[in-house]
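> sharing a model prediction with you, sequence too.
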Amino acid sequence: MNIDQEVKDTLPQSKILIVEDQPMNVVLLQSILSSYYQVSAVESGEDAINECRTNMPDLILLDIQLTGISGVEVCQHLKSDPRTKDIPIIFITSLQEHEDFFWEAGGVDFIPKPISYKTVFNRVKSHLTLKLQRDKIKALAFLDSLTGIYNRRYFDTHLAQTELISQRNDDDYALLLIDIDFFKQFNDTYGHINGDIALVKVAETIVRTLNRPSDFVARFGGEEFAVVLPSTNLNGGKLIAEKIIENILALNLTHGSSPFKRLTISIGLTTYRNLDNNNKIIQQADENLYSAKRSGRNQVTH
Ligand SMILES: Nc1nc2c(ncn2[C@@H]2O[C@H](COP(=O)(O)OP(=O)(O)OP(=O)(O)O)[C@@H](O)[C@H]2O)c(=O)[nH]1
């Protein structure tokens, strides 16, 4: 795999967000960049923060002097949020004397006004390239090579992050631990290659069943998967778990040595607000998964 070539190929799909309240500058920046990237623009810091939540950009060009919250405050806000902290921010400024603020706020660079075509073009290109290279390397380290979904290493980081965000927002979140039933017999009967194919299909089915962009799935272990659903209570988690079970059954993958005669899964579900004693969420979901297995498999227990 050639990362440099992949990055080059991905560059034209990169999203750049311009945050600037002077229409002349917006027009100028768009004229420099929109032939090469997907460019959008907002006028205020508040709009920039909202835009980052719904349509995450790959790079932000941020005017320092905005009406309402300032560019530096927008930058500090985005850098304090784990979901947006890695977006490179380039400040656009005529205030050279405040240079230190840009670096301290977490900006990666700045572009002085009056805006120069070459400076904008080259700085954007080099920071975007670095960002995409970082994303690719992260993907290699954090994706499971068989199924293409996230691996256990990334799951651990993601779960810790979700827990922090939930605590901060006084919100609940759900965790589903999913295990394929009688998978040892499946491998023994149909061979490891068919076992691998089944694992890929199960991963695809789980991904397809999840609705929200913030829903998350990872391969937790050999034939185990984990799903994290932010802002979801027990009822919501149950609904998704039942839908996943239904969609796996609908795959209709023959499993002769299972009493169900088809490939099935069991799910242990819990939410952050439904933990017994001092259980950690993984431990609780795992105990519930064990109950689902004991109660006959092909079901969800919470
Ligand atoms: N093909 C394939 N099999 C795997 C992979 N990872 C784990 N497995 C198999 O998954 C099986 C898990 O078996 P067990 O933990 O005994 O559980 P089970 O047979 O699914 O039984 P229950 O979970 O009790 O329903 C083992 O045979 C593993 O070899 C993989 O990447 N590919």
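Nice, I can see it. Just so you know, these numbers come straight off a predicted model, no measurement behind them.

> can you list the weak-confidence ranges in this structure?
Low-confidence segments of the chain (pLDDT under 70): 1, 95-97.

> make it 90
Applying pLDDT under 90 to the chain flags residues 1-7, 53-54, 64-67, 80-83, 93-105, 113, 135-140, 211-213, 274-279.

> let me see the ranges of the helices in it.
3-10, 23-33, 45-54, 71-80, 99-105, 117-142, 152-168, 183-190, 192-209, 234-251, 281-294 (DSSP state H).

> contacting residues around the closest residue to the ligand within the stretch 1-150 of the chain?
The stretch 1-150 of the chain approaches the ligand most closely through Leu146 (5.8 Å), counting by C-beta to the nearest ligand atom. (Glycine included, C-beta is placed from N, CA and C.) Each residue near Leu146 by C-beta atoms under 8 Å, 6 or more residues apart in numbering is listed here: Asp196, Leu199, Val200, Arg219.

> closest one of these to Ala139?
Nearest to Ala139 among the contacts of Leu146 is Arg219, at 14.3 Å by C-beta to C-beta.

> next, the contact list for that closest one, please.
The contact partners of Arg219, taken as C-beta under 8 Å, 6+ apart, are Asp144, Leu146, Thr147, Ile149, Tyr150, Asn151, Arg152, Leu199, Ala203, Phe225.

> tally of neighbours for the last one?
This means Phe225. Burial of Phe225 is recorded as 27 neighbouring residues (other C-beta atoms under 10 Å).

> likewise for the third one?
Each residue near Thr147 was counted by other C-beta under 10 Å, and the total is 21.

> these two touch, right, Ile244 and Ile178?
Yes - if you go by C-beta atoms under 8 Å, Ile244 and Ile178 touch, sitting 6.9 Å apart.

> which of those two has more residues huddled nearby?
The neighbour comparison of Ile244 against Ile178 (other C-beta under 10 Å) goes to Ile178, with 27 against 24.

> so what's the residue of the stretch 51-200 of the chain found nearest the ligand up against?
Residue of the stretch 51-200 of the chain nearest the ligand, by C-beta to the nearest ligand atom: Gly195 (2.5 Å). With contact set as C-beta under 8 Å, 6+ apart, Gly195 has these partners: Phe183, Phe186, Asn187.

> again, but for Glu163
Residues near Glu163 by C-beta under 8 Å, 6+ apart: Tyr173, Tyr272, Ile281.

> how close does the nearest residue to Val7 once chain neighbours are set aside sit to Asp286?
Nearest non-adjacent residue to Val7, counting by C-beta to C-beta, 6 or more residues apart in numbering: Leu132, 4.5 Å away. Distance of Leu132 to Asp286, computed by C-beta to C-beta, to the nearest Å: 37 Å.

> likewise for Phe91?
47 Å.

> which one's more surrounded, these two?
Each of Phe91 and Asp286 has its neighbours counted (other C-beta under 10 Å); Phe91 has more, 26 against 18.

> isn't that one right up against Phe110?
Yes - with contacts counted by C-beta under 8 Å, Phe91 reaches Phe110, the gap being 4.1 Å.

> show me which residues of the stretch 101-250 of the chain are close to the ligand?
Counting by C-beta under 6 Å from any ligand atom, the stretch 101-250 of the chain comes close to the ligand at 146, 179-185, 187, 192, 195-196, 199, 222-223.

> redo the helices of the chain as TSV? Include distance to His302.
Below are the helices of the chain laid out as TSV (distance: least, C-beta to C-beta, whole Å):
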stretch	distance to His302
helix 3-10	40
helix 23-33	49
helix 45-54	29
helix 71-80	33
helix 99-105	44
helix 117-142	28
helix 152-168	17
helix 183-190	22
helix 192-209	17
helix 234-251	6
helix 281-294	6
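
> which one of these lies closest to Asp215?
Here helix 234-251 is closest among the helices of the chain (C-beta to C-beta), at 7.9 Å.

> list the helices and strands that closest one packs on?
On a contact count with 3 or more C-beta pairs under 8 Å, 6 or more residues apart in numbering; DSSP states H and E, helix 234-251 meets strand 173-180, helix 192-209, strand 224-230, strand 265-271, strand 300-301.

> buried by neighbour count: which residues of that helix qualify?
Buried residues in helix 234-251, counted by 16 or more other C-beta atoms under 10 Å: Gly237, Lys238, Ile240, Ala241, Ile244, Ile245, Asn247, Ile248, Leu249.

> what lies in contact with that helix?
Here helix 234-251 makes contact (C-beta under 8 Å, 6+ apart) with 174-176, 178, 201-202, 205-206, 208-210, 215, 227, 229, 232, 260, 262-265, 267, 269-271, 274, 298-300, 302.
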